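In: output the structure for:
(one chain, ligands or ions: 1)
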Amino acid sequence: MDFNFTQEQQLLQRTLAEFGSRELAPAYASRDKDDDLPREVVSQLARMGLLAPMAEARFGGNDLDYVSLGIAHEEIARYDFNAAYVLLLSGLVGAIITARADERQKTAILPPICRGEAVAALGVTEPSGGSDAAQVKLQARRDGDTYVLNGEKTSISFASWADTVLVMARTGTPEEGAHGVSAFYVDLHSPGVGRNRFKDLGSRAIGRGQLFFDSVRVPAESRIGPEGAGFVQVMQGFDFSRSLIGLMCIGAAEQSVEETCKYVAERQAFGGSLARFEGVSFPLAEAAVQLRAARLLCYEALWLKDHGQPHGWLSAGCKWWAPELAAHVLHQCLLLHGHLGFSLDLPHQQRLRDVIGLEIGDGTAQIMKLLVARALIGSVARPY
Ligand SMILES: Cc1cc2nc3c(=O)[nH]c(=O)nc-3n(C[C@H](O)[C@H](O)[C@H](O)COP(=O)(O)OP(=O)(O)OC[C@H]3O[C@@H](n4cnc5c(N)ncnc54)[C@H](O)[C@@H]3O)c2cc1C
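Out: Residues are numbered from 1 along each chain as shown. You can find the predicted model right below:
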């Protein structure tokens, strides 16, 4: 076994650490206050080749491997958790388009995403359900060379400012369940699209919210893949994004652990450094070891993806464990700063608020455990 990153991966890690601490960290808090992720951040990430990098070079991608993509998520999230959402969504949408779209669609869709000109959202969740994602009610009715979309998506990252969305809509009957769902790539500046921004606990910069489709007419060629294949296409995309989310959460927690280690070493109480007390040092020791273990799980899942080996259940495990662990660690870091930790001036509370969002987004821990159980035990462990 070789636990080292390649030289290119180590260079990427150093480059992003330097970029993140210089360019992203200083405005992490103000972007939360202003509810804003400036387009310039998207452009910077695009210039570094981090948006939908799995696209072929002729469409603007650069063939980056998935372990490297994991490094990018971990490093960027250390300095600005929400900037990493831009990588995450561009990668998710980019991978689905790369795998499922035809040549003409790839030529139209991928280059603007890779250049950072089109911020793409992913529209799965509806008001009637997120975990039960196959119960899609958003209607796509065929009308000649077009489809007409009517309905609502909710809880969509970037809903308030995205340019496009890869959206799941029902082209079949409700009885067809997941097999009556198709995927469409829709311009969100089209007539009939409405938006509403949520007031969130964390990740305020990403502008999560609702998307309304009121007789939105889209060309038939905006359907990605065959009719009825949309659900499976989109769900398969989650096979790697779940490990990337794990690494985002771990990156944020690692950063807080490092900062907290420095703080408790310097803070004086009872005649010396606070770090002398096991009640102070043990939570940090536990955090470091547990984060390392969860991080290895995420990189193993991505390595398996790079090598074309099964990794779905590991990825689901990453998505359940890493955000939960990171939230626990960030809470400990906050407490170890005493009253200062409770202040909005320190970043631990913001990282904690941001990480909690991804305990839910992309599927909750319960749903991830169902996926792991099904992989272990078989379809008998399938409750529905
Ligand atoms: C920060 C953030 C970003 C998001 N971004 C996006 C996005 O970009 N695109 C998108 O489409 N969606 C997005 N979502 C939505 C997210 O994917 C859903 O919220 C999530 O899948 C849960 O669905 P729900 O909210 O409808 O909860 P529900 O499905 O109603 O679940 C409620 C509770 O019941 C539990 N539960 C449900 N079913 C079961 C079961 N069978 N067994 C055990 N427990 C169960 C859940 O774990 C949860 O605790 C985002 C959410 C957040 C918080």
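
In: for residue 12, see how far away residue 22 is.
Out: Residue 22 sits 16 Å away from residue 12, going by Cβ to Cβ, to the nearest Å. Where you see a C-beta, it was placed from the backbone N, CA and C, and this is true even at glycine.

In: who has more neighbours, those two?
Out: residue 12 (22 against 10; other Cβ atoms under 10 Å).

In: and the next helix or strand past the helix or strand encompassing that one?
Out: In this structure, residue 12 sits in helix 7-19 according to DSSP states H and E. Tracing the chain C-terminally past helix 7-19 and defining elements by DSSP H and E, one meets helix 28-34 next.

In: now that following helix: mean pLDDT?
Out: Averaged across helix 28-34, the pLDDT comes to 94.

In: make 51 the starting number, not 1.
Out: Sure, I'll start counting at 51 from here, so that last one is helix 78-84.

In: leaving out chain neighbours, which residue sits closest to residue 197?
Out: Nearest residue to residue 197, sequence neighbours excluded (Cβ to Cβ, 6 or more residues apart in numbering): residue 190, at 4.5 Å.

In: for that neighbour, phi and psi?
Out: phi -120, psi 110 (degrees, to the nearest 10).

In: how close does the residue positioned nearest the centre of the chain sit to residue 197?
Out: Taking Cα atoms, centre = their mean, the centroid of the chain lies closest to residue 138, which sits 4.2 Å from it. Residue 138 sits at a distance of 27 Å from residue 197 (criterion: Cβ to Cβ).

In: which parts of this protein are helices?
Out: 57-69, 78-84, 89-97, 116-129, 131-150, 153-164, 280-316, 328-356, 362-386, 398-410, 415-427 (DSSP state H).

In: can I get those helices in CSV with distance to the ligand?
Out: As requested, the helices of the chain are exported to CSV (distance: least, Cβ to the nearest ligand atom, whole Å):
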stretch, distance to the ligand
helix 57-69, 23
helix 78-84, 13
helix 89-97, 16
helix 116-129, 13
helix 131-150, 7
helix 153-164, 15
helix 280-316, 9
helix 328-356, 19
helix 362-386, 10
helix 398-410, 3
helix 415-427, 3
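
In: these: which one's closest to residue 261?
Out: Nearest to residue 261 among these is helix 131-150 (13.8 Å), distances taken as Cβ to Cβ.

In: just how off-centre is the closest one within its chain?
Out: 8 Å (Cα atoms, centre = their mean, to the nearest Å).

In: ok, now stretch 411-421?
Out: For stretch 411-421, the distance to the chain centre is 14 Å (Cα atoms, centre = their mean).

In: export it as CSV, just CAs?
Out: Extracted C-alpha coordinates of stretch 411-421, given in CSV (Å, rounded to 0.1, in the frame of the first residue of the first chain):
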residue,chain,number,x,y,z
GLY,A,411,-27.7,18.0,1.9
ASP,A,412,-27.0,15.2,-0.6
GLY,A,413,-28.7,12.7,1.7
THR,A,414,-29.0,12.3,5.5
ALA,A,415,-27.0,9.9,7.7
GLN,A,416,-30.1,7.6,8.0
ILE,A,417,-30.4,7.3,4.2
MET,A,418,-26.6,6.7,3.9
LYS,A,419,-26.8,3.9,6.5
LEU,A,420,-29.7,2.3,4.6
LEU,A,421,-27.4,2.3,1.5
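
In: any idea of the mean pLDDT in that stretch?
Out: Stretch 411-421 carries an average pLDDT of 96.

In: hmm, who's touching it?
Out: Applying Cβ atoms under 8 Å, 6 or more residues apart in numbering, the external contacts of stretch 411-421 come out as 181, 205, 207, 288, 291-292, 295, 362-363, 366-367, 369-370, 373-374, 409, 431-433.

In: how about a cut-off of 6 Å?
Out: Residues outside stretch 411-421 that contact it (Cβ atoms under 6 Å, 6 or more residues apart in numbering) are 181, 295, 366, 369-370.

In: point out where the stretch 51-200 of the chain drops to low pLDDT.
Out: The stretch 51-200 of the chain contains no residues with pLDDT under 70.

In: quick check, the residue in it closest to the ligand?
Out: At 2.0 Å from the ligand, residue 180 is the closest residue in the stretch 51-200 of the chain, using Cβ to the nearest ligand atom.

In: give the buried residues for stretch 396-412.
Out: Buried positions in stretch 396-412, judged by neighbour count with 16 or more other Cβ atoms under 10 Å: 396-409, 411-412.

In: same check on stretch 326-335?
Out: 330-331, 333-334.

In: what does stretch 359-375 give?
Out: Buried residues in stretch 359-375 (16+ other Cβ under 10 Å): 361-375.

In: closest one of those to residue 339?
Out: Closest approach between these and residue 339, by Cβ to Cβ: residue 375, at 10.8 Å.

In: model confidence score at the closest one, please.
Out: Confidence for residue 375, expressed as pLDDT, is 98.

In: got a list of what it touches?
Out: Residue 375 touches 340, 344, counting by Cβ under 6 Å, 6+ apart.

In: for it, give its distance to residue 135.
Out: Here the distance between residue 375 and residue 135 works out to 20 Å (Cβ to Cβ).

In: and for residue 51?
Out: Distance from residue 51 to residue 135, by Cβ to Cβ: 32 Å.

In: those two: which has the busier surroundings?
Out: Comparing residue 51 with residue 135 by other Cβ under 10 Å, the one with more neighbours is residue 135, at 28 against 2.

In: quick one: contacts for the nearest residue to the more buried one once chain neighbours are set aside?
Out: Nearest non-adjacent residue to residue 135, counting by Cβ to Cβ, 6+ apart: residue 256, 5.0 Å away. The neighbourhood of residue 256, defined by Cβ under 6 Å, 6+ apart, consists of 132, 135, 207-208.
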